[in-house]
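*Asks:* mind folding the following:
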Amino acid sequence: MISDRVFKIGSAVKGDLTCIKKQFDQLANQTSFTVIDLKDYVLHRGILQRKESGSLEALVGKVLGMYLPKDDVLRKNDEWEELPLKPELLHYAALDVLASQLVFREATKVAPLDQVEIDTPGGTQVALLTQEGGSIIAYGRIASLQPTSLGGVRVNVPTRSRLVVDIDVVVVPSAAVILHILPQSMSTS
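*Replies:* Got it, this is the predicted structure:
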């Protein structure tokens, strides 16, 4: 728990660690933990917006497209302090650990939005926004090969502010953004 080389990853993990610290005298002098709060992590990557829930259940739905059962009867069960833990409590805890790890791994694949640069490697997963800080409208990857131009639109410009992105998933098919229209012959590629 106290090793700086072991990251504690989870949704609202800081609150969990505060509770654990109060329960165990060995942690009384521990002033900090190496923590990655999943909500902050996915916010930084543009996967989640501030107004959206950062609960583990919501993050699993948003990031993984899966459902995580969070039974309040199990979560608020008084038997968490009794050893050995009942199988249903072990299962609940194991799902939380696995879900946290999977959300973290998947979110890691998306480059932080404020760090995408002209030299960000091809293949890096990114999210496209309607505007800075706006809603995500699509997910894709920075194209491995950055052409000088694409469909008559210059990509390699002096400001070095353009990249070609291969779109994998369209989230909002009718989003209004500034786009370059490709010639008819390029519209299917």
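*Asks:* give me the number of residues near Lys86?
*Replies:* The local packing of Lys86 (other Cβ atoms under 10 Å) involves 13 other residues. (Glycine included, C-beta is placed from N, CA and C.)
*Asks:* distance check, it against Glu79.
*Replies:* To Glu79, Lys86 is 6 Å away according to Cβ to Cβ, to the nearest Å.
*Asks:* do the same with His44
*Replies:* Taking Cβ to Cβ, one finds His44 at 37 Å from Glu79.
*Asks:* those two: which is more packed in?
*Replies:* His44 (15 against 11).
*Asks:* ok, now how distant is that one from Arg5?
*Replies:* Counting by Cβ to Cβ, the gap from His44 to Arg5 is 22 Å.
*Asks:* swap in Glu88?
*Replies:* Taking Cβ to Cβ, one finds Glu88 at 33 Å from Arg5.
*Asks:* more neighbours: which of those two?
*Replies:* Neighbours per residue (other Cβ under 10 Å) separate Glu88 from Arg5, with Glu88 holding more: 13 against 5.
*Asks:* okay, the helix or strand the more buried one falls within in CSV with CA atoms only?
*Replies:* Using DSSP states H and E, Glu88 maps to helix 87-108. Extracted C-alpha coordinates of helix 87-108, given in CSV (Å, rounded to 0.1, in the frame of the first residue of the first chain):
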residue,chain,number,x,y,z
PRO,A,87,-17.8,-15.7,-2.3
GLU,A,88,-20.3,-13.0,-3.5
LEU,A,89,-18.2,-10.3,-1.8
LEU,A,90,-15.0,-11.6,-3.3
HIS,A,91,-16.6,-11.7,-6.7
TYR,A,92,-17.9,-8.1,-6.3
ALA,A,93,-14.4,-6.9,-5.3
ALA,A,94,-12.7,-8.8,-8.0
LEU,A,95,-15.0,-7.3,-10.6
ASP,A,96,-14.1,-3.8,-9.3
VAL,A,97,-10.4,-4.5,-9.6
LEU,A,98,-10.7,-6.0,-13.1
ALA,A,99,-13.0,-3.2,-14.3
SER,A,100,-10.7,-0.5,-13.0
GLN,A,101,-7.7,-2.1,-14.7
LEU,A,102,-9.6,-2.5,-18.0
VAL,A,103,-10.8,1.1,-18.0
PHE,A,104,-7.3,2.3,-17.2
ARG,A,105,-5.8,0.2,-20.0
GLU,A,106,-8.4,1.3,-22.6
ALA,A,107,-8.1,5.0,-21.6
THR,A,108,-4.3,4.8,-21.9
